[in-house]
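Visitor: Structure for this input, please:
(4 chains)
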Protein chains: 2
Amino acid sequence: MEDLPPRPRPTLSSLSGAAGVSVSTVSRALKGDPRISARLRARIAALAQEAGYQPDILARAMSSGRTGLIGLVLGPASNPFYAMLLEEIVRQAAARALRPLILHAGPGPIEDRTAEALLQYRVDGCLVTSADMSSRAAEICARSGVPVVMINRVPRLHASAASCDNLEGGREMGRFLRAGGHRRAAVIHTGGASSNGIDRERGFSETFGAGKGEVALRFDGRSSYEGGWEAGQAIAALPAKKRPDCLFAVSDIIAMGAMDALRDAGLRVPRDISVTGFDSIPDAARPPYAITSYEQPVAAMVARGLDLLAARIAHPAAPDEAVLLRGRLVVRRSARLP
Amino acid sequence: MEDLPPRPRPTLSSLSGAAGVSVSTVSRALKGDPRISARLRARIAALAQEAGYQPDILARAMSSGRTGLIGLVLGPASNPFYAMLLEEIVRQAAARALRPLILHAGPGPIEDRTAEALLQYRVDGCLVTSADMSSRAAEICARSGVPVVMINRVPRLHASAASCDNLEGGREMGRFLRAGGHRRAAVIHTGGASSNGIDRERGFSETFGAGKGEVALRFDGRSSYEGGWEAGQAIAALPAKKRPDCLFAVSDIIAMGAMDALRDAGLRVPRDISVTGFDSIPDAARPPYAITSYEQPVAAMVARGLDLLAARIAHPAAPDEAVLLRGRLVVRRSARLP
DNA sequence: CGGCCTCATGCAAGCGTTTGCGCTCAATCA
DNA sequence: TGATTGAGCGCAAACGCTTGCATGAGGCCG
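Guide: Residues are numbered from 1 along each chain as shown, chains lettered A, B, ... in the order given. The predicted model follows:
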């Protein structure tokens, strides 16, 4: 490839010079304004095409006020679920001509410096998938009128949300395990105040318990493989008669850790104990795990989340809205069947 | 929290009104220009602080030409290695007041629409971690003078790069397995034209072969768990006397798949066959895997990559530069020790 | 005491778009 | 034939910031 010298970026002004018309005419022509004659529009379009013209979004933002940027807050990379979400968000955002600006990724709260970027870059809106927004960040968003949509989170403060129906997912898992003849269940929760985890556990207890089953044990899985592993060890260490015959982890990554620990201790899954999770991440579907899980409708969640965000951007005064999407139980080999 | 009405964003102009000085004075005062008296500077700083002033980066970009945005191209989420990279990049970029704008995430080449975003948003530079840049995208970057730095990739076309010394990593792994008494090795490569994989394999062959060992078999691992699994099945299906006594997968995700398939077929690791990988992702360190691997110095790669990018942004004419960083062998239980 | 220099600050142009309004010209109407 | 109208296009302001240059007030020198 030859080493072309970087030629100056074509602008409306340079195009207008080439076409012999005014800048405003070029601007209107390129966006198909009917006030410009069809012939001129075609001529200008050809010129722009040839010059490789790309509108300068920043300049556009200055006058239109819209940047096309959306802030993105991501959870810890150690949970593959967030990687799935990221990919889906990037794909769908691109289709809507929105560009995700990463504000935060990883564990822990959002730093103040990050919240500032949100203002400095005039993001049109903000998508939060995980980490608790620090209250200051939330306040900044609210005060400066930046709409926030949570995906995979219940709405808090000033925000809309699109999430999985965790309660129903938990219920379905409870029914499934009960139907499979299980009598004593252990639940591995997140430990934190994650409303997702809480709802999933609550739904589970409702149906498993109501089926005359018993949710005898609760463990802290710390939302991580390691936490799940420790919980699994604790369960394996129980005397055989006190041991649960099934376990429900509120996320797959926890379930994987628990399953590995149970097997490490010599227990067989699902013969000695059934293991189930939540999310249905690809990792949990791999042969050694094959974890029965409740699949979150990720694509739909992202789609509805972006819908909500677009709506809030268009009508900032609209009331907050929360949509709940039902997932689907995916039966694999980690739990005894009914 | 009360529902504060969104107050208008403070600007240099509004501050200048409040301070009774001109806009340019405020601008200079806020960036510590010594031409403004210390007293006035302090007064203005206080005012800005109180009003919660945040500079509008977009407007600044219009005149200064610098956006602080860097385009980010990410590999498929199915490989946790990219999630690690992402987290590290976000963290380090924030410390340098750079904001990553996600251009692409996932498998497959970059779409043209995406390459356009790169121009429309006037990114200062571009960080590429994986997916092959389509030649058109590369041309766009070169022609419009956008510096590109590859992390975890060898430099191609117009680009600098910071990557792991894959060749040396492969060599070290070869020496290690030879020292462990292995005689016949299988290599699971990426299948594609990934220079990373090629270098790792080449280094491995050099030292393992030179130690009078034999690299008898090569399999296509397709850079994925599934590919690794299939390769593992193929290896397990070999008659015992033709079976290799060790295997080197050019990435951990492949090694995990292979290991699971080998065990699924009844082989014991490392007793029947040693398994090693590359990257040292956290997943591969988990107890059931405990894969001996070559750790990429991710933090250093990102740091040097951003250094290179910053340098190229400051001096666009500077020659391309490639830095190679040595990793470190992490010995775990998946391979017999010397 | 006039000229010159320094210090502190203001003026205004410019970055690339968008958009309300006004202008010109030709065609149509009375 | 003069007035009305619509189509087609240009003018200019505005968005918030940066920056080269101009300006004014003092202080110093000769």
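Visitor: Please enumerate the strands of chain A.
Guide: Under the criterion DSSP state E, chain A contains strands at A:69-74, A:99-105, A:125-128, A:148-151, A:160-164, A:184-189, A:214-220, A:246-249, A:274-279, A:292-295, A:322-325, A:328-330.
Visitor: need the ones you listed in TSV with mean pLDDT and mean neighbour count, can you?
Guide: In this view, the C-beta of every residue, glycine as well, is placed from N, C-alpha and C. As requested, the strands of chain A are exported to TSV (pLDDT from 0 to 100; neighbours: other C-beta atoms under 10 Å in any protein chain shown):
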stretch	mean pLDDT	mean neighbour count
strand A:69-74	93	25
strand A:99-105	92	25
strand A:125-128	92	26
strand A:148-151	92	27
strand A:160-164	93	25
strand A:184-189	96	25
strand A:214-220	91	17
strand A:246-249	98	31
strand A:274-279	98	30
strand A:292-295	98	26
strand A:322-325	94	16
strand A:328-330	98	14
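Visitor: The ones you listed: which one's closest to DNA strand D?
Guide: Between DNA strand D and these, the shortest gap by C-beta to the nearest atom of the strand is with strand A:69-74, which sits at 15.5 Å.
Visitor: How about stretch A:117-125 and chain B, any contact?
Guide: Yes. If you take C-beta under 8 Å from any C-beta of the partner chain as the test, stretch A:117-125 does meet chain B, through A:A117, A:L119, A:Q120, A:Y121, A:R122.
Visitor: Restricted to helices, list the residues you listed.
Guide: Counting by DSSP state H, the part of the residues of stretch A:117-125 next to chain B found in helices is A:A117, A:L119, A:Q120.
Visitor: Please identify which of those is nearest to A:R336.
Guide: Nearest to A:R336 among these: A:A117, at 50.1 Å, using C-beta to C-beta.
Visitor: Quick one: residues contacting that closest one.
Guide: A:A117 sits next to A:G71, A:L101, A:L103, B:A94, B:R99 when contact means C-beta atoms under 8 Å, 6 or more residues apart in numbering or on different chains.
Visitor: How about A:V128?
Guide: Taking C-beta under 8 Å, 6+ apart, we find A:V128 in contact with A:V73, A:V148, A:V149, A:M150, A:I151, A:R153, A:A159.
Visitor: Repeat the analysis, applying 7 Å as the threshold.
Guide: Taking C-beta atoms under 7 Å, 6 or more residues apart in numbering or on different chains as the contact definition, A:V128 lies against A:V73, A:V148, A:M150, A:R153.
Visitor: Chain B: which of the residues you listed is nearest?
Guide: A:V73 (10.5 Å; C-beta to the nearest C-beta).
Visitor: so who does the closest one touch?
Guide: Contacts for A:V73 (C-beta under 7 Å, 6+ apart) come out as A:L103, A:H104, A:I110, A:V128, A:T129, A:S130, A:A131.
Visitor: ditto for A:A29
Guide: By C-beta under 7 Å, 6+ apart, the residues touching A:A29 are A:I36, A:L40, A:R41, A:I44.
Visitor: can you do 8 Å?
Guide: By C-beta under 8 Å, 6+ apart, the neighbours of A:A29 are A:I36, A:L40, A:R41, A:I44, A:A45.
Visitor: what does A:Q296 give?
Guide: Contacts of A:Q296 (C-beta under 8 Å, 6+ apart): A:F81, A:N152, A:C164, A:G169, A:F278, A:D279, A:S280, A:G327.
Visitor: Just send the residues you listed back as TSV, with distance to DNA strand D too.
Guide: Below are the contacts of A:Q296 laid out as TSV (distance: C-beta to the nearest atom of the strand, whole Å):
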residue	distance to DNA strand D
A:F81	38
A:N152	34
A:C164	39
A:G169	45
A:F278	45
A:D279	42
A:S280	46
A:G327	43
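Visitor: which two in the contacts of A:A117 are spaced the farthest apart?
Guide: The distance between the two most remote of the contacts of A:A117 (C-beta to C-beta) is 12.8 Å, for A:G71 and B:A94.
Visitor: about what we covered before: can you lay out the strands of chain A as TSV showing distance to DNA strand C?
Guide: Listed next are the strands of chain A as TSV, based on distance: least, C-beta to the nearest atom of the strand, whole Å:
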stretch	distance to DNA strand C
strand A:69-74	16
strand A:99-105	16
strand A:125-128	18
strand A:148-151	24
strand A:160-164	25
strand A:184-189	50
strand A:214-220	53
strand A:246-249	50
strand A:274-279	41
strand A:292-295	41
strand A:322-325	30
strand A:328-330	43
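Visitor: Could you save those strands as TSV and add columns showing distance to B:D199?
Guide: As requested, the strands of chain A are arranged in TSV below (distance: least, C-beta to C-beta, whole Å):
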stretch	distance to B:D199
strand A:69-74	31
strand A:99-105	29
strand A:125-128	38
strand A:148-151	39
strand A:160-164	43
strand A:184-189	42
strand A:214-220	44
strand A:246-249	40
strand A:274-279	36
strand A:292-295	38
strand A:322-325	45
strand A:328-330	39
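Visitor: Out of those, flag the one nearest B:R143.
Guide: strand A:99-105 (21.2 Å).
Visitor: now check the closest one, is it near chain B?
Guide: Yes. Strand A:99-105 is in contact with chain B by C-beta under 8 Å from any C-beta, via A:R99, A:P100, A:L101, A:I102, A:H104, A:A105.
Visitor: And the contacts of stretch A:323-338?
Guide: Contact with stretch A:323-338 is made by A:161-165, A:168-169, A:172-173, A:176-177, A:179-182, A:246, A:255, A:259, A:269-270, A:274-276, A:280, A:285, A:289-297, A:300-301, A:304, A:308, as judged by C-beta under 8 Å, 6+ apart.
Visitor: again, only using 6 Å
Guide: Here stretch A:323-338 makes contact (C-beta atoms under 6 Å, 6 or more residues apart in numbering or on different chains) with A:162, A:164-165, A:169, A:172, A:179-180, A:269-270, A:274-276, A:280, A:290-297, A:300-301, A:304.
Visitor: cool, and stretch A:227-236?
Guide: Residues from elsewhere that reach stretch A:227-236, judged by C-beta under 6 Å, 6+ apart: A:A186, A:I188, A:F219, A:G221, A:I254, A:G257, A:A258, A:A261, A:L262, A:A265, A:L267.
Visitor: if we can go back for a sec, show me which pair in the residues of stretch A:117-125 next to chain B is furthest apart.
Guide: A:A117 and A:R122 (10.2 Å).
Visitor: Could you count how many residues lie near A:R9?
Guide: Neighbour count of A:R9, defined by other C-beta atoms under 10 Å in any protein chain shown: 15.
Visitor: what do you get for A:D245?
Guide: A:D245 has 18 nearby residues by other C-beta under 10 Å.
Visitor: same deal with A:V21?
Guide: Counted with other C-beta under 10 Å, residues neighbouring A:V21 total 17.
Visitor: Nearest residue to it in space, please, no chain neighbours.
Guide: Nearest residue to A:V21, sequence neighbours excluded (C-beta to C-beta, 6 or more residues apart in numbering or on different chains): A:L40, at 7.0 Å.
Visitor: That neighbour and A:G17, how far apart?
Guide: 15 Å (C-beta to C-beta, to the nearest Å).
Visitor: between the two, which one's more packed in?
Guide: More crowded of A:L40 and A:G17, by other C-beta under 10 Å: A:L40, with 15 against 12.
Visitor: gap between the more buried one and A:K31?
Guide: Distance from A:L40 to A:K31, by C-beta to C-beta: 13 Å.
Visitor: swap in A:A142?
Guide: 33 Å.
Visitor: cool, and A:A261?
Guide: For A:A261 relative to A:K31 (C-beta to C-beta), the value is 60 Å.
Visitor: and A:G266, how many residues sit next to it?
Guide: For A:G266, the count of nearby residues is 8 (other C-beta under 10 Å).
Visitor: what pLDDT does it get?
Guide: Note on A:G266: pLDDT of 97.
Visitor: Once you drop chain neighbours, what's closest to it?
Guide: Residue nearest to A:G266 in three dimensions, not counting chain neighbours: A:A236, with 7.5 Å by C-beta to C-beta, 6+ apart.
Visitor: That neighbour and DNA strand C, how far apart?
Guide: With distances taken as C-beta to the nearest atom of the strand, to the nearest Å, A:A236 is found 63 Å from DNA strand C.
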